[in-house]
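J.: 3D model of this:
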Amino acid sequence: MIELPLAFLGPVGDAIELIFNGVESPLGRGEVGGLSEVGEFTLTHIELSAAAMAAGLLFAVPLGVTLGHRGRGELFAVAAGNAGRAVPELVLIAFMVAFIGTGFQVVAIALMILAIPPILTNTFVGISQVDRTAVEAARGMGMSEIAIALKVELPLAAPTIMTGIRTSAVNVIATATIAPLASVQTLGEFILSPNVYGDTAGPVAGAILVALLAILVELGLAGVQRLVTPKGLKLERVAA
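T.: Next comes the predicted model:
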């Protein structure tokens, strides 16, 4: 156990105590929390978010590249982005639970639906805004349309696409907090079970852990974005 003088921190201190050492449950069910339980919930939270993002990427990126390359479907891409922002996450998950049931796969599908709009919109915008001179030059060299999309447009649109992926990932991680309502134990357990983890320590601990996870994912994806951005675009930005 990690012994730290945390009482002076108030609710935050109680939350840290819950995270690292565990505390006595208000229900008298023994000790709850601690690094073991935090690790278990964190792993499920990551697995759920990763599954939703993977499925969202497999659907949104190819569709966005296809529509952007053809220069068609702008209304659909923009409408999808707006719809994604308009649909309340809790309502979507409640709808899925009511008509399909509970469990990991149900929540993953709901989160996938929320993950798609930012990725689809940014992929379409990134591909459609690629410099047409580069595209025409590739055609002049005899490249096929698929090769142009994958080898010319996709790399040049990578920064814009990654921005959509980063937005989507943070949204999914935040929304996965309500997965316990569908019987999936994520970090949201601390927030949604005050009778088990306490009225203040649990919600504060959950908020801290979800925020840290979102920040780490955001920083990781920002690093990936730098790696996939072509050197020419980096130099162009520096010059600008």
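J.: hey, where'd the helices end up in the protein?
T.: Remark: helices assigned in the chain by DSSP state H are 11-20, 34-70, 74-86, 89-99, 104-128, 132-140, 145-148, 154-175, 188-192, 194-197, 201-228, 231-239.
J.: and those as JSON lines, adding mean neighbour count and distance to Pro26?
T.: For the C-beta atoms, the positions are set from N, CA and C on the backbone; glycine is no exception. Rendered in JSON lines, the data for the helices of the chain read as follows (neighbours: other Cβ atoms under 10 Å; distance: least, Cβ to Cβ, whole Å):
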{"stretch": "helix 11-20", "mean neighbour count": "20", "distance to Pro26": "12"}
{"stretch": "helix 34-70", "mean neighbour count": "19", "distance to Pro26": "16"}
{"stretch": "helix 74-86", "mean neighbour count": "15", "distance to Pro26": "37"}
{"stretch": "helix 89-99", "mean neighbour count": "15", "distance to Pro26": "25"}
{"stretch": "helix 104-128", "mean neighbour count": "24", "distance to Pro26": "27"}
{"stretch": "helix 132-140", "mean neighbour count": "13", "distance to Pro26": "62"}
{"stretch": "helix 145-148", "mean neighbour count": "14", "distance to Pro26": "60"}
{"stretch": "helix 154-175", "mean neighbour count": "22", "distance to Pro26": "26"}
{"stretch": "helix 188-192", "mean neighbour count": "24", "distance to Pro26": "13"}
{"stretch": "helix 194-197", "mean neighbour count": "18", "distance to Pro26": "6"}
{"stretch": "helix 201-228", "mean neighbour count": "17", "distance to Pro26": "9"}
{"stretch": "helix 231-239", "mean neighbour count": "10", "distance to Pro26": "53"}
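J.: now do the same contact list for the residue most central in space within the chain.
T.: Nearest to the geometric centre of the chain sits Ala169, at 1.6 Å (Cα atoms, centre = their mean). Residues in contact with Ala169, defined by Cβ atoms under 8 Å, 6 or more residues apart in numbering, are 49, 53, 115, 217-218, 221.
J.: those: which two are farthest apart?
T.: Ala115 and Glu218 (14.8 Å; Cβ to Cβ).
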